[in-house]
Structures are given as structure tokens and as C-alpha cells.
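Q: have a look; sequence and predicted model below, questions after that.
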Amino acid sequence: MVSKREGDVFLLRIDWEDGLSRPKIDMHCHVWPMEDWERSSDQLVYAGSMLGITEYWCSAPITGGRWASPDEVRSSNDVILRAMERHPDRIRGMCFLMPGFGQEAIAEAERCLAAGMIGIKLYNQYKLHDPVVRPILEYVAERHVPLLEHAGYLTDPAGKAQQPLTSHGADFAAASQAVPEAILIHAHIGGGGDWEWTVRALRDASPNVYVDISGSNLDDGQVEFAVAELGATRVLFGTDGTMTGSVGKVLDATLSDEEKELIFWGNAERILAAQGARPLQPLNRV
């Protein structure tokens, strides 16, 4: 992949073989709590290996805004812990929490981080700036671990009715103003809704707020827009199941090689370094 600047324009010539071999950290993916979870984790690692993905930050959230018991939350996180044991050189865990459990949620985070997980995952049971979530924001700031939240600016009336508490960029900005040290990640700008609106709203957020580029919406210019609005240092590579599409839209983006390297690897490496961790695999570039 070669990007050459002529004036203010990049002339992009993509070497797809080189691009697919470029090491990547997928910081948004899942292993689901089902009977054959082993197959789920194996397929994730196998598919990603063909795309240059060397590390996966996995979670098993309770989706759809549904409330779950502490036992169900713990069981979901146990699936991720087992996947980490099955693929110790590839899979890391993001601990799913229900903020409404109060200190019990913090205790679950402590359990998961002590077992080797490297971050927290929230879904849409609460808005990110809800006071109920504040102890978790303060916890991740204290522990220097990232918090990945299901997010998007929903515009479809049916979608808004189904997920009324889905956080968007302005919610992240509000949460980060309350706890600016917290490392917060707005999930899947390609996950649906008005991605331009939600990215723009993050202009007012702390520099510790990131976006990930995952999602099945593959609109042209999405990655470039996020970089233009926030800077390449605040954009992360993730797939959320759309593996080839997520890789492709970064490789196809009109960005410099250095900016793509930050998205694929460098920014995630920096987030890990904040907690004294390093990528599971070395950055080997041929």
C-alpha cells in the first residue's frame, strides 16, 4: 500500500497483499455464550488470520437493552475467560457489566480484570452519562482500562423505540466532561444511524474518547471523516463481525500509511500501554 501526497491530495495505490498482511488489533469483536462457543472462538481466530488480525478484544454483552441477572452476566463473561484460555496468544477479554448492579458490577469488573481481561464493555441498558454509570467511569479511569460502549445516533423511529438508551457522540462528550481521564470508545461508527452527526458531536469530548470503525455500514469516506474530525490518534480498528468490510474500508481510505498504522495498531497499543500491557503479538512488518 503506497500513499503519495501531491499538494493537499493523496494519490492512493493499494497493494492488497501487503495490506492484508499488515498486523491489526481488532478491539471490537465477540465470542457468544452458546453451546459451541469453542467453535465461535476458533472461527474468529481463523477468519482473522487471513486478514492480518493478530489480536482480538472480545466481549459477550447482553444485547437489546435487556436486563439480566448477575448470574447471567457472570456466565457471559466466563465464556470470554474460557476463550482467552483457549487462544491465549490471540484473544483478550472486555468484561461486560450491568451498571445498575452498583458495587456488584465493580466486583465483577475486578474479577474479570484479575483474570486477565483488559477492559470493560457496556451495551445500551443506560445512557453513558447516566449517574448510575458514573462509578464505572471513575473505575476505568482509576484502572486506566478502556470502556467500549454500544453506540450510534439512531434516526429510524423503530430503531429508536427499540433502543431508546443507546448512547451517541453527545452522550460520550457529556460523560467525558464528567470524568475526562476515562478512556471511552464509541463503538461501530458503521453500525447504523447518522455516523456523521455522532462523530461531529465528539469534537467536544475529552481526547481520551475514541471511535471504532466497525459495523456493516460501509459508506465511502467514513474512516476519512472520522480522522478529519477527531484526528487519526482517536480512531480504532474493530470489526464487530464485519471482518473483510472493516479491513477493506481502512485499506481503501485516502489516508497516509502512518495514519492507517495508527488505526490498525498504534492507538490500541497506546491504550494497552496505559495499563502496563503490550500487544499479544509483536508488530512484525515485512
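A: Perfect, I can see it now.

Q: was I right about His144 contacting Leu272?
A: No: between His144 and Leu272 there is no contact under Cβ atoms under 8 Å: 9.9 Å. C-betas here are computed from N, CA, C, even on glycine.

Q: neighbour count winner among the two?
A: Counted by other Cβ atoms under 10 Å, His144 and Leu272 do not tie: Leu272 has more neighbours, with 23 against 16.

Q: show residues contacting the helix or strand containing the more buried one.
A: For Leu272, the element it lies in under DSSP states H and E is helix 267-273. Here helix 267-273 makes contact (Cβ atoms under 8 Å, 6 or more residues apart in numbering) with 25, 27, 55, 57, 118, 146, 183, 210, 232-237, 278-279, 283.

Q: do stretch 171-180 as well
A: Outside stretch 171-180, the residues that touch it by Cβ under 8 Å, 6+ apart are 127-129, 133-134, 137-138, 141, 149, 151, 167, 182, 184, 186, 201-206, 208-209.

Q: and Glu138, what is it in contact with?
A: Val179, Ala182.

Q: let's go with 6 Å and repeat that
A: Contacts for Glu138 (Cβ atoms under 6 Å, 6 or more residues apart in numbering) come out as Val179.

Q: try Val211
A: His186, Ile189, Ala226, Val235.

Q: quick check: it vs Thr54, distance?
A: Here the criterion is Cβ to Cβ, to the nearest Å. By it, Val211 lies 21 Å from Thr54.

Q: returning to that earlier point: in strands only, show me the contacts of helix 267-273.
A: Ile25, Met27, Glu55, Trp57, Pro146, Ile183, Tyr210, Val235, Leu236 (DSSP state E).

Q: and the residues you listed, which is closest to Asp220?
A: Proximity of the ones in strands among the contacts of helix 267-273 to Asp220 (Cβ to Cβ) peaks at Val235, which lies at 16.2 Å.

Q: quick one, helices of the protein?
A: Counting by DSSP state H, the chain has helices at residues 16-21, 37-49, 70-86, 103-114, 134-143, 157-162, 169-178, 195-201, 222-230, 243-251, 257-261, 267-273.

Q: same list, these, but as TSV with mean pLDDT and distance to Leu122 please.
A: Compiled in TSV, these are given as follows (pLDDT from 0 to 100; distance: least, Cβ to Cβ, whole Å):
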stretch	mean pLDDT	distance to Leu122
helix 16-21	88	32
helix 37-49	94	21
helix 70-86	97	11
helix 103-114	98	10
helix 134-143	98	7
helix 157-162	86	17
helix 169-178	98	11
helix 195-201	97	16
helix 222-230	98	21
helix 243-251	96	21
helix 257-261	97	28
helix 267-273	98	16
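
Q: turn the ones you listed into CSV, columns for distance to Gly64.
A: Output for the helices of the chain, formatted as CSV (distance: least, Cβ to Cβ, whole Å):
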stretch, distance to Gly64
helix 16-21, 34
helix 37-49, 19
helix 70-86, 13
helix 103-114, 19
helix 134-143, 20
helix 157-162, 7
helix 169-178, 18
helix 195-201, 20
helix 222-230, 25
helix 243-251, 22
helix 257-261, 34
helix 267-273, 27
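
Q: nearest to Pro61, of the ones you listed?
A: helix 70-86 (7.3 Å).

Q: can you list contacts of the closest one?
A: 31, 33, 37, 41, 58, 60, 91, 93, 95-96, 98, 101, 104, 112, 115-116.

Q: also stretch 225-232?
A: Contacts with stretch 225-232, where a contact means Cβ under 6 Å, 6+ apart, come from Val199, Val211, Val235, Glu259, Leu262.

Q: now do the same for the residue lying closest to the last one once chain neighbours are set aside: its pLDDT.
A: Spatial nearest neighbour of Leu262, excluding adjacent residues (Cβ to Cβ, 6 or more residues apart in numbering): Ala232 at 4.7 Å. Ala232 is assigned a pLDDT of 98 by the prediction.

Q: mind starting the numbering at 48 from now?
A: Done: numbering now begins at 48, and the last item shifts to Ala279.

Q: ok, Ala279 - how many residues close by?
A: Count around Ala279 with other Cβ under 10 Å applied: 19.
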